[in-house]
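[1] need a structure here:
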Amino acid sequence: MSETINSDNTAPTWIKGELRLADMLDSRMIGLLRAIDQCGSINQAAKQMGLSYKGAWQIIERANNGAPKTLVATATGGSKGGGTCLTEAGRSLLALFTRLEQQHQQFLEQLNRSIADDPDAVLLLQRLVVKTSASNQLFGSITAIHAGAVNAEIIVTLKGGEQVITTVTLASLGDLGLEIGADAVLLINSADITLVIDSDPNRYTARNRLSGSVIRVQQDEVNAEVIVLLPGGETLVAMITQQSAQSLALMPGMPVWAMFKSNAPVLGALTVV
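    As a prediction, this is how the structure comes out:
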């Protein structure tokens, strides 16, 4: 996962905002006025904007009623069958909004560039917008890389100091541009996590053994979803069978070990280009 500059050399769009005037004039209303000015027909303008004929008329009526001067004029009959057009006041409003829209866009681009120039802000926002079907997202930094003949073992240190071991192919190691010190995200499915309450976790073969405490247990007819709080403040969601939950007698506040194999996490790199 990487942050890139857009093809038109503008900053990534972290901040968005819609321009509204007088709490009534927005981009949809102005878009309809602009379409009417271009085609001279409310029917065609409505189609262009993806509105129903009735919906377009309601917008026009609201605009005309709310403005001190009529913005849209209509004519019926005549040799050309009538039509719809903007009045002088309507064109003046359209020109005003277009000018303000350009200034508004420049303002947003300036704000987004200021964020793009702040690595800490970019990293924070990148972590907030990661979307995945995996139940667990853990963020940390790569502290060790051990390359083998086929795979590479990556150690990611979480903000609480816990270390997670994950394996990737050598090809993925090169494609992701992984290096020590890089920020990374670990995606782990809840079904890949095993919970144990054993006082000696070292006797288990899972490479990853994270200590934590149970926050809550949510059970249905088949499974139990257990949320575990790690020392650094992150949470892990483990999906176990209801029978396992009952045999472990899990209760809020109980210390547990969350265990998973090194091939369970999917590793992603967070880089700024």
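
[2] For Thr74, which non-adjacent residue is closest in space?
    Thr84 (4.9 Å; C-beta to C-beta, 6 or more residues apart in numbering). Bear in mind the C-beta positions are built from the backbone N, C-alpha and C, glycine included.

[3] Arg34 now?
    Spatial nearest neighbour of Arg34, chain neighbours left out: Leu94 (6.1 Å); criterion: C-beta to C-beta, 6+ apart.

[4] Any figure for the gap between the one you found and Gln105?
    16 Å (C-beta to C-beta, to the nearest Å).

[5] so where do the helices sit in this protein?
    27-39, 42-49, 53-66, 88-116, 119-129, 170-176, 242-248 (DSSP state H).

[6] would you turn the ones you listed into JSON lines with distance to Val150?
    Listed next are the helices of the chain as JSON lines, based on distance: least, C-beta to C-beta, whole Å:
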{"stretch": "helix 27-39", "distance to Val150": "54"}
{"stretch": "helix 42-49", "distance to Val150": "57"}
{"stretch": "helix 53-66", "distance to Val150": "61"}
{"stretch": "helix 88-116", "distance to Val150": "38"}
{"stretch": "helix 119-129", "distance to Val150": "30"}
{"stretch": "helix 170-176", "distance to Val150": "7"}
{"stretch": "helix 242-248", "distance to Val150": "34"}
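
[7] Looking at the ones you listed, spot the one closest to Gly161.
    helix 119-129 (18.2 Å; C-beta to C-beta).

[8] Mean confidence (pLDDT) on the closest one, please.
    Averaging pLDDT along helix 119-129 gives 60.

[9] now do stretch 92-100
    89.

[10] Okay, now the unreliable bits of the protein?
    Judged by pLDDT under 70, the chain has its weakly predicted residues at 1-15, 22-23, 75-82, 119-134, 270-273.

[11] Recalculate using a threshold of 50.
    Counting by pLDDT under 50, the chain shows low-confidence ranges at 1-10, 77-81, 132-133, 272-273.

[12] tell me the domain boundaries of it?
    Following automatic domain parsing, one finds the domains of the chain at 2-116, 130-272.

[13] quick revisit: could you export the helices of the chain as CSV, including mean neighbour count and distance to Leu138?
    Shown next, in CSV, are these (neighbours: other C-beta atoms under 10 Å; distance: least, C-beta to C-beta, whole Å):
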stretch, mean neighbour count, distance to Leu138
helix 27-39, 19, 39
helix 42-49, 18, 45
helix 53-66, 15, 47
helix 88-116, 14, 24
helix 119-129, 13, 10
helix 170-176, 14, 17
helix 242-248, 14, 23
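
[14] what's the closest of these to Leu230?
    helix 119-129 (16.0 Å).

[15] for the residue nearest to Arg34, what are its contacts?
    When contacts are counted by C-beta atoms under 8 Å, 6 or more residues apart in numbering, Leu94 touches 30, 33-34, 37, 86.

[16] How about Asp26, nearest residue that isn't a chain neighbour?
    Arg20 (4.8 Å).

[17] who's Leu21 bridged to?
    Note on Leu21: beta-bridge partners Leu25, judged by DSSP bridges.

[18] Give me the neighbour count for it.
    Here the count is done by other C-beta atoms under 10 Å, and Leu21 has 13 residues near it.

[19] Quickly note the distance from it to Arg62.
    From Leu21 across to Arg62, the span is 13 Å (C-beta to C-beta).

[20] in the sheet, who's paired with Val256?
    What pairs with Val256, by the bridge criterion (DSSP bridges), is Gly212.

[21] start at 12 instead
    With the count now opening at 12, the last piece we talked about shows up as Val267.

[22] right, and it touches Thr205 too?
    No: using C-beta atoms under 8 Å, Val267 is not in contact with Thr205; the gap is 10.1 Å.

[23] Look at the two and report which has more neighbours.
    Between Val267 and Thr205, counting by other C-beta under 10 Å, Val267 is the more crowded of the two (22 against 17).

[24] Contacts only, for the more buried one.
    Shown in contact with Val267 (C-beta under 8 Å, 6+ apart): 206-208, 222-225, 237, 239, 259, 261.

[25] next one: Glu112
    Neighbouring residues of Glu112 by C-beta under 8 Å, 6+ apart: 30, 38, 41.
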